[in-house]
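Student: below: sequence and its predicted model.
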Amino acid sequence: MLNNTNTDNKLIILLNAGGVIAAYVLLIISLYKSTEVPLATKGFWGIGVLMLTISLVNFVKYLFDARMNNDRIRQLEDAKNEKLLEEFVTEVKED
């Protein structure tokens, strides 16, 4: 189950990275093709910037969620290991 969540986050991060790349490509095409800047091009730039912003926010969110998830798992494993060591030490003292 843990691996499935990690795979889901990787897929979402990949899709968001694709959105960022698509937004950059649209902006580059718009800048390359326009010598004058009519209103339609300004709208195209605005949509590209909006897509880029949304993708970057999602990208950072999922990276942060993945990092927090890994930190929680590490904390749980540390607590489990500490409990096992404590039980081992108490067993040794009792013998």
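Tutor: Great, that's in hand. Numbers count the residues shown, from 1 in each chain.
Student: surely Leu52 is in contact with Ile21?
Tutor: No. Applying Cβ atoms under 8 Å, one finds Leu52 not in contact with Ile21, separated by 9.7 Å. Bear in mind the C-beta positions are built from the backbone N, C-alpha and C, glycine included.
Student: what ranges does the protein have for its strands?
Tutor: Listed from the start of the chain, the chain has no strands (DSSP state E) to report.
Student: could you point out the longest helix of it?
Tutor: Looking across the chain with DSSP state H, the single longest helix is helix 39-94.
Student: quick one: which of Leu52 and Ile21 has more around it?
Tutor: In terms of neighbours (other Cβ atoms under 10 Å), Leu52 is the more surrounded of Leu52 and Ile21; the figures are 18 against 12.
Student: could I have the CA atoms of stretch 57-64 written out in PDB?
Tutor: Taking Å, rounded to 0.1, in the frame of the first residue of the first chain, the C-alpha atoms of stretch 57-64 are listed here in PDB:
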ATOM      1  CA  VAL A  57       1.500  25.300  -7.100                       C
ATOM      2  CA  ASN A  58       0.300  21.800  -7.600                       C
ATOM      3  CA  PHE A  59       3.900  20.600  -8.200                       C
ATOM      4  CA  VAL A  60       5.100  22.100  -5.000                       C
ATOM      5  CA  LYS A  61       2.100  20.800  -3.100                       C
ATOM      6  CA  TYR A  62       2.600  17.200  -4.100                       C
ATOM      7  CA  LEU A  63       6.400  17.400  -3.500                       C
ATOM      8  CA  PHE A  64       5.700  18.700   0.000                       C
END
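Student: circling back to that earlier point, now the longest helix of the chain, how far from the chain's geometric center?
Tutor: Its chain's average C-alpha position is 8 Å from that of helix 39-94, according to Cα atoms, centre = their mean, to the nearest Å.
Student: for stretch 13-22, same thing?
Tutor: In this view, stretch 13-22 has its centroid 11 Å away from the chain centroid, taken as Cα atoms, centre = their mean.
Student: next: stretch 21-38.
Tutor: 27 Å.
Student: what residues does that stretch touch?
Tutor: With Cβ atoms under 8 Å, 6 or more residues apart in numbering as the test, stretch 21-38 has contacts from 41, 44-45, 47-49, 51-52, 55.
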